[in-house]
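Peer 1: Let's see this in three dimensions:
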Amino acid sequence: MATDIGTLEKRYFDACKRQGIPPNKTIVAALFKAKIKKARREISSFIITMDGLKDVDFCTLLDLLKEVDASEIDAVDMINRSECVLSAEYVSPLLHAVSKKLRVVDICDISLGKDFLLDLAQRGLSCQVLNLKSSHFRKLGMVGKFMHMHTLNLDFSASLTTFREDCFSCMPNLRSLSLCETKITNMWTTSAALTKLPLLDELRFQNCIHCSDSNSPTVQSGNEGQCSGRIALGIHMDLPSPGDEVFPHLELNMDDEDLNDYDIGQDVRSQNEDSSDNSEVDFSGHDHEFGLTELLSEIPLAWVELADLQNEISSGTLDMQDEYPFCTESGNLTTPTPTATKKYISRHPSLICYEKNYREYMIASLPNLKVLDNLPIGKIDREIANDIFTRHFERLPYNRLDKESLVTILQKREIRANLSSRKKCSTLSRKSQHFYSRSLSAAKMGSCAWPELHPLPMRGSVVRDERRNFRPRQFEYHPSDSSLMVFGTLDGEVVVMNHESENIVSYIPSLGAMNSVLGLCWLKKYPSKLIAGSDNGSLRLYDIQHMPTTSRRVYSSCGSVNFDEFDQLTSVHVNSTDELFVASGYSKDVALYDISSGRRLQVFADMHRAHINVVKFANHSPSLFATSSFDRDVKMWDIRQKPTQPCYTASSTRGNVMVCFSPDDHYLLVSAVDNEVKQLLAVDGRLHMDFGIASTGSSQNYTRSYYMSGRDYVISGSCDEHVVRICCANTGRRLKDVSLQGKGAGASMFVQSLRGDPFRDFNMSVLAAYVRPSSSSEILKINLVASSEHDKSHSHKQKSHSVTGMGG
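Peer 2: Numbers count the residues shown, from 1 in each chain. Okay, the predicted model is just below:
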C-alpha cells in the first residue's frame, strides 16, 4: 500500500528532530501543497525549490525523496531558479533519489559548476522534462540514460556549438527540443544527431512569432489540437502536461527581461572553475548575459542586416495551407501561391538559422518532424523542402540516394567482376570497378556524419636537439609519394614531414635569409626537389635528399639553387615538364624562371591592374598558366605567344584570391573574396558553375578553394569562417560542411589554406588558425570517410594567427 503524504510529513519531522535541525520551510510547504492537491483529487506534485535549501537539509531531504516512489505523491518537480546555496555535490544525489516519479527538473547550472554538468550528462536522469536554460555545454554530449524524458530545453546556452556523435543516443522518448540562441551552425552534424531521436516532432532553434495585421506580435502555434494540454517551460517551449495543472514557477513569457533572472557575470566571477581545453563545458569568458547583441557581434555584416527590424524573416512568407496545387499539368514542381501571406518575426535565433536554406534542409532531413521553430510543417511545406534539398544538397557523394552497407557493395562488385571475366569484357570490368569505388566512398561517408579531424604535431628537434614549435604558413602534398607533405613556416623554415607516421623527414632552417614561406611547389619528374619562396623575395630550389632530418646533421647548401629574388612574393608554381616556374606577389608582374640554369628568363609587366595573388601552370600543358588578381580578373596566358595579351579574361564581382586548374585541365576554379566561388571552362573562360556560397559581407573574408582527389568535388574555406564546404563540381550541390572547432573556450578555428589529398578520396588538409592573439596555426588532416569518435584524444592548443590574403 502506498505511503500517505501525512506519514511522509511525520517521518520528515522526526528525521529533523533526530538530526537536531529545524524543518526546512520550503520542504514543509511543498509537502503541505501536495497533501492539499491529493485531497482535491488533483495530481499531487511535490515541488521542491532548491533555492531555499541549505547543506544541513540534505540528509533529511534525501531520505524523504527515497520514499517518494512508494508514496501517494504522483510527481516530483525540482526547481532551481537562481544561485543555489546548497553545495553542488549534494544536488546530484537529490536528483537521482527519485527514479519513477521525477517529472520536471528545472535548474540553472551557473552556480553548480562543471563537474555537476558533466555528471548529469554522463549519468542521465529519470525526469520527463529537463530545463537547462543558459547551460554551459560547449559540445553537447548527453550520453547518459534519459529514458523517460520527452522535453529538453537548452535555450540561451551561450557556449553550445556542436554535438558529440553519440549525443541523444539514450533519449528514445524525446519529443520536444529547444535550442534557441545557441552558437550551433553546422546543419549536417546537427541533423545527424537529431535523427537519433525517433519520436522528435517539435524542434526550435528560434522562436517565430506571427505578425498580425495590427502589428502586435503574437505566438503562432499553428497546431492547437496537438499542443492542447501543454505548459510553457522556459523560452518558446510548450511541454506536454500530465493534466490541466499549470505550474506558476514554470510560466515564462517571451520578453527579454526573462534573461535577467540572475546576474550571470556575478555568478561566474564567484566561481573559480578551471576551464580545461579538454572540457566539453565552458565556465570561462561569460562576463555578461548571452543575448542577441552578443550573437550579432560575431555574425558577419550581411547577417546583421538580416537580423534588423526585430529579425523579421526576409523569406517571411511561409505557406501554411495544404489545399493549393503543387504540380503543374506538365508535372513540374512549382511553389504554391498562398491566398493569405503570413509574416513572422524571428526572436532569439541560433546561428544555424542564418544558414542558407536552413528550414528546408532540416525539414527534409527530419521526416518525422511536425513543428519547426513554432511553425507547423504541412504537406506542401515538406514537398517544397524536399525539392529545395534536391536542388541544393547531396545526401551522399555521387548523388547516391540510399545508404548501402560495405558488405553489400563488395558482394556486388565481386559478382560483377566474375561476370566480366567470363565475358572477357575488360571495358565493363573497368567501368564496374570505378562505379563500386564511388559506392564504397558513399557508403563510408554515409556512416560518418562527424569526420575525423587530426592535427599534425608541430614540434620537432632542431638546433642542438632543442624541441621547437613550428608555425606553419603554407603546405603542399607530394605529387607522387602519398606519405609526404612539405610546409613552410612564418620563421622561414622548410619542413618535410611524413604525415602518416608524423615524423620529420627533412628540415631546412631559415639561415637568416628567409622570412615567411608563402610559396611551395614540388617538381614532378624530380620528386626529391621543390621550390620555396618567401615574402622577402627569396627563391630557392631544395633537394630533400640533401636536407637533414635533425640538427645532428648540419645543413649543406649542396643540392640547392638560388634564384633571382622576386620582391614581396606570394606564389610560385612549376610547369608540367619541370623546366620552368613562375612567381607572383604584391605587384602587377609575373616572373618566369628556368629551373635547369637557375636564371630568370623574363618579367612580364603589368599583367593586371592590381597585385597578382596567385599564379598557376596547367597540369598538362607546360606553356599555359593562369593568374588571379585583386583587380577582380582571372586571365589565361600562353608563354609561346610572349604574353602581352591574355588568351582571355574572366571577371569576378570581388577581388580574386585563388585560381587553380582541375586535375584534367578542363576547368578553372576561381575563388574571390567572401565566398564567391566559380568554375570556368578552361578553354575560353565561360562560366560553368557558380557554387552560390552565401557571402558574409566582410571585405577581408579571403576565400580559397581546391579540387579534391579527381575533379568531382571541390573544397572551399575562408579566413573569417570556421567551416570547410564540400561541393559537387558537376552540379554545384553542397555535400557537407566541416566545422573546425578547437578545444577550450572561444577556440574556433579559421581557414587559412587548404588542399585535397591527391591520393585518398574525400581526404584533405587544412591550415587552420585560431582567432586569439599570440597564437599560431596548425595543419588539420580531415578524413570524411572516417568517424571522429576514434580520434578524441587529440587536444587543440589555443593559439593565434595572422590571416591575410597572401598566397594560396
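
Peer 1: The longest strand along the chain: which residues count as buried?
Peer 2: Looking across the chain with DSSP state E, the single longest strand is strand 778-787. Using 16 or more other Cβ atoms under 10 Å as the test for burial, strand 778-787 gives 778-786. No exception for glycine: its C-beta is placed from N, CA and C like everyone else's.

Peer 1: List the strands paired with that strand, with their directions.
Peer 2: Sheet pairing of strand 778-787 (DSSP bridges) gives strand 451-455 (antiparallel), strand 763-770 (antiparallel).

Peer 1: Out of those strands, which one sits most buried?
Peer 2: Mean neighbour count, computed with mean count of other Cβ atoms under 10 Å, is highest for strand 763-770 among those, reaching a mean of 24.

Peer 1: next one: it to chain centre, how far?
Peer 2: In terms of Cα atoms, centre = their mean, to the nearest Å, the centre of strand 763-770 is found 13 Å from the chain centre.

Peer 1: Only C-alpha atoms, please: export it in CSV.
Peer 2: The C-alpha trace of strand 763-770 is given here as CSV (Å, rounded to 0.1, in the frame of the first residue of the first chain):
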residue,chain,number,x,y,z
ASN,A,763,40.6,13.4,-47.6
MET,A,764,42.1,16.9,-47.2
SER,A,765,44.3,19.0,-45.0
VAL,A,766,43.5,22.5,-43.8
LEU,A,767,45.9,25.1,-42.5
ALA,A,768,43.7,26.4,-39.6
ALA,A,769,44.3,29.3,-37.3
TYR,A,770,42.8,30.5,-34.0
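
Peer 1: can you list contacts of the longest strand of the chain?
Peer 2: Residues from elsewhere that reach strand 778-787 (Cβ atoms under 8 Å, 6 or more residues apart in numbering): 165, 441, 444-445, 447-448, 450-456, 458, 472, 475, 485, 487, 499, 724, 726, 736, 738, 740, 749, 760-769, 796-797, 799.

Peer 1: For residue 376, find the nearest of the strands paired with strand 778-787.
Peer 2: Among the strands paired with strand 778-787, the nearest to residue 376 by Cβ to Cβ is strand 451-455 (34.0 Å).

Peer 1: I'd like the strands paired with strand 778-787 written out as TSV, with distance to residue 712 added.
Peer 2: Shown next, in TSV, are the strands paired with strand 778-787 (distance: least, Cβ to Cβ, whole Å):
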stretch	distance to residue 712
strand 451-455	17
strand 763-770	14
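
Peer 1: Residue 14: neighbouring residues, count only.
Peer 2: Around residue 14 there are 11 other residues, counting by other Cβ atoms under 10 Å.

Peer 1: Show me the contact partners of stretch 53-68.
Peer 2: 3, 8, 11-12, 15-16, 19, 21, 24, 26-27, 46, 48, 76, 84-87, 90, 93-94, 97-98, 101.

Peer 1: For PyMOL, what selects the buried ones among the residues you listed?
Peer 2: Selecting only the buried entries of the contacts of stretch 53-68 in PyMOL, with 16+ other Cβ under 10 Å as the criterion:
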select buried, resi 8+12+15+16+24+26+27+46+48+76+84+86+90+94+97+98+101
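
Peer 1: Show me the contacts of stretch 53-68 that map onto helices.
Peer 2: Within those, residues falling in helices by DSSP state H are 8, 11-12, 15-16, 19, 26-27, 90, 93-94, 97.

Peer 1: Endpoint to endpoint, stretch 73-91 covers what distance?
Peer 2: Using Cα to Cα, to the nearest Å, one end of stretch 73-91 lies 21 Å from the other.

Peer 1: What's the mean pLDDT across that stretch?
Peer 2: Throughout stretch 73-91, pLDDT has a mean value of 86.

Peer 1: Give me the distance from that stretch to the chain's centre.
Peer 2: The answer for stretch 73-91 is 34 Å, by Cα atoms, centre = their mean.

Peer 1: Repeat that for stretch 177-197.
Peer 2: The chain centre lies 11 Å from the centre of stretch 177-197; the measure is Cα atoms, centre = their mean.

Peer 1: buried ones in that stretch?
Peer 2: 177-190, 192-194, 196-197.

Peer 1: Averaged pLDDT, that stretch. What do you get?
Peer 2: In this model, stretch 177-197 has a mean pLDDT of 94.

Peer 1: Same question for stretch 59-69.
Peer 2: If you average the pLDDT over stretch 59-69, you get 94.
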